[in-house]
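Visitor: how does the following fold in three dimensions:
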Amino acid sequence: MPQAAPPPLFGYAPTPLGRVLVITRGDELTGLHFDGHARTPRITGQPSAFSSVLTAVATQLAEYFQRARTRFELPVRFDGTPFQVAVWSALLEIPYGQTSTYASLAARIGRPRAARAVGAANGQNPISIVVPCHRLIGAGGDLTGYGGGLERKRSLLELEGADPDRRPVRRARAGS
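Guide: Reported below is the predicted structural model:
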């Protein structure tokens, strides 16, 4: 008989961009949401008194915001469709301080015509910051939607040294 999944635990971690709700299940991070945002799940009950994963998340977030950490070393568990999981996994491969586009990510996962679907999956990312959905930008270099708000997205990119206002170089076509 398969073992039942452990119950979710939750707690909060402070960040310079506002408090985040941290949700774990067993030894895995399953959710990281800015507190009070429309997409933040409603949690009832008392925060967990202690969890090694909650502690590790809070510590690594603090290091990230102090620019002492460029990669999170946390066990994550994705609960989503196979396509969403592919997108979220690919987000983990975008290096700190760099950005990618929805179309580039779609091509990377073998679905070059699925840029909009990548955008939809990116918008459903349940583990913000750690799974860096903020590193995806529009094809023209524009900042586009972010579940935590565009100002937070800009702040995260600036923290990492990515220039959120830099536009991609447009090459002139022959004959133009």
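Visitor: where along the chain do the helices fall?
Guide: 52-65, 82-91, 102-108, 115-123, 150-159 (DSSP state H).
Visitor: okay, the ones you listed in TSV with mean neighbour count, distance to Val20 and mean pLDDT next?
Guide: For glycine as for every other residue, the C-beta is placed from the backbone atoms N, C-alpha and C. Supplementary listing: those in TSV, determined by neighbours: other CB atoms under 10 Å; distance: least, CB to CB, whole Å; pLDDT from 0 to 100:
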stretch	mean neighbour count	distance to Val20	mean pLDDT
helix 52-65	17	7	95
helix 82-91	18	17	97
helix 102-108	19	24	95
helix 115-123	19	17	93
helix 150-159	18	10	92
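Visitor: can you say which of the ones you listed is nearest to Gly11?
Guide: Closest approach to Gly11 among the helices of the chain is made by helix 52-65 (4.3 Å; CB to CB).
Visitor: just checking, what packs against the closest one?
Guide: In terms of contacts (3 or more CB pairs under 8 Å, 6 or more residues apart in numbering; DSSP states H and E), helix 52-65 is packed against strand 8-13, strand 20-25, strand 28-34.
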